[in-house]
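Visitor: following is a predicted model, sequence given first.
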Amino acid sequence: MAAADAATTTFTGLSSAAAGSRLRLVAVADGIDAGGHENLVLLNAAIQVDIPPQLEPLLDGDGEGLGKVTCVVVDVAMSFALDVVKRRGITSAALWPASAAVLSAMVNARKLIRDGVIDDDGAPLNLKNNSFHLTESTPPMDATFLAWNYMGNPEAERMVFHYLDSIAQTAATKADYLLCNTFADIESAVFTGPTPTNIIPIGPLRTWQRSTRHAPLGHFWHTEDATCMSFLDTQPHGSVVYVAFGSISIMTAEQVHELALGLQASGRPFLWVVRPEQAGKLPVGFVDDVDGSEKGKVVGWAPQEQVLGHPSVGCFVTHCGWNSTLEGIRNGLPMLCWPYFLDQVTNQTYICDIWKVGLRVASAEGGGVVTKQRMVELLDGLLEDESVKERVLKLKKMAESNMSEEGASLKNLNILMENFKR
């Protein structure tokens, strides 16, 4: 299941009844008027009330021509649907789209409260060396793996903690399988030795493997600017700095200005995704200047998986969302990390401190504007460090191995599909 726009949620189903097409999309009302989806608290409260009654007839095969449903996979955030699923005795799985470490911390939050690691609202209490243990036998985990504490607003952090605790507990106790888009090699603290959470790694999911680079891609934001691919075709191998901060990260006008000047001053070709509502913060004439030089390009949105797989791209300046992080690894790209909140900070810890395949843009203390001079220094330091390139290429090979025919993640996925058939 995946959230969609305009006061609906879309349910995706694989149905034997749909002989000509195995993928069916069904839209149901989510209880929020169009235009009111910016308030995520109200949205999450509404869908938990409005969606389950609409889900029941779909699971029973009534209407929409779906036929009998034999298994259900929900996003962990939609785990409220599992009650309806369990009442019908249907096999279910809950999929977490971020790191297994954050999921493990969420599932074990109540144990961490009992152990005095966090308080009743998720705030850290007695951390040693700014780290904690899920159990006595597990390796230490950095405090950033308590991802809900990185919102910049204590009240928001409290609310997010209780929300994450609720959905994680529901998913862990009511789903037959707890899945994660990750692979064991990159999250050893979760998958090495006995762990208190039975998370099944099935990633990195191979959404980027298509028969042609021009195959259609789907997303919920803007129309992709395909001209960025022709721009990349003209650039030297491994030279382009790709800059993209996801769908919701926001920079001040001053910071956008400094980043723009820094990219120009670096002398390196760059492709920068600037969402339309942020474009007004660019320096006057900047887009025309870079287009004229043929060494830079600014687009409103890009086919990111295709871009990252292009041989001319040399590094990735990212907000460190988990999908972007895995996409960077799958393509063997060093990363400059510019996280904003929640698990993006966790992923920065992975990239910079544990895997050592990237650099932080901002200091741990945050605050202040990252200057154009600092951007030039960081790009030079990252792209000229051969050890970083070697490490990220090793991670790329691990990712490919896990989803190869004999790979551990693909085996897990195949076993899951066989169990769904029973």
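Guide: Ah, there it is.
Visitor: kindly export stretch 268-282 (C-alpha atoms) in PDB.
Guide: Written as PDB, here are the backbone C-alpha positions of stretch 268-282 (Å, rounded to 0.1, in the frame of the first residue of the first chain):
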ATOM      1  CA  ARG A 268      33.400  20.700 -11.700                       C
ATOM      2  CA  PRO A 269      30.300  20.000 -13.900                       C
ATOM      3  CA  PHE A 270      27.200  19.600 -11.800                       C
ATOM      4  CA  LEU A 271      23.600  18.600 -12.100                       C
ATOM      5  CA  TRP A 272      21.400  20.200  -9.400                       C
ATOM      6  CA  VAL A 273      17.800  19.300  -8.700                       C
ATOM      7  CA  VAL A 274      16.100  22.500  -7.400                       C
ATOM      8  CA  ARG A 275      12.400  22.100  -6.800                       C
ATOM      9  CA  PRO A 276      10.300  24.800  -8.500                       C
ATOM     10  CA  GLU A 277       9.200  26.400  -5.200                       C
ATOM     11  CA  GLN A 278      12.900  26.800  -4.200                       C
ATOM     12  CA  ALA A 279      14.100  28.100  -7.600                       C
ATOM     13  CA  GLY A 280      13.400  31.700  -6.600                       C
ATOM     14  CA  LYS A 281      16.300  31.500  -4.100                       C
ATOM     15  CA  LEU A 282      18.900  31.000  -6.700                       C
END
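Visitor: next, the buried residues of that stretch.
Guide: Of the residues in stretch 268-282, 268, 269, 270, 271, 272, 273, 274, 275, 278, 281, 282 count as buried by neighbour count, 16 or more other C-beta atoms under 10 Å. Backbone N, C-alpha and C define where each C-beta goes, glycine included.
Visitor: likewise stretch 160-175?
Guide: By neighbour count on 16+ other C-beta under 10 Å, the buried set for stretch 160-175 is 160-161, 163-172, 174-175.
Visitor: can you list contacts of that stretch?
Guide: Contact with stretch 160-175 is made by 44, 74, 76-77, 79-80, 82-83, 85-86, 92-94, 96, 103, 106-107, 109-110, 121-122, 148-149, 151, 178, 197, 342, as judged by C-beta atoms under 8 Å, 6 or more residues apart in numbering.
Visitor: filter the residues you listed down to the ones in strands?
Guide: Under the assignment DSSP state E, these contribute 74, 92, 93, 94, 96, 178 to strands.
Visitor: run a quick neighbour tally on the fourth one.
Guide: Translated: residue 94. Applying other C-beta atoms under 10 Å, we find 27 residues neighbouring residue 94.
Visitor: just the last one next, same as before
Guide: Residue 178 is surrounded by 22 other residues when neighbours are defined as other C-beta under 10 Å.
Visitor: for residue 132, same thing?
Guide: Other residues close to residue 132 by other C-beta under 10 Å number 22.
Visitor: distance of it from residue 149?
Guide: Distance of residue 132 to residue 149, given as C-beta to C-beta, to the nearest Å: 12 Å.
Visitor: for the residue nearest to residue 175 when sequence neighbours are not counted, give me its contacts.
Guide: With C-beta to C-beta, 6 or more residues apart in numbering as the criterion, residue 175 has its nearest non-adjacent residue at 3.9 Å, and that residue is residue 94. Residue 94 makes contacts with 73-76, 79, 82, 171-172, 174-175, 177-179, as judged by C-beta under 8 Å, 6+ apart.
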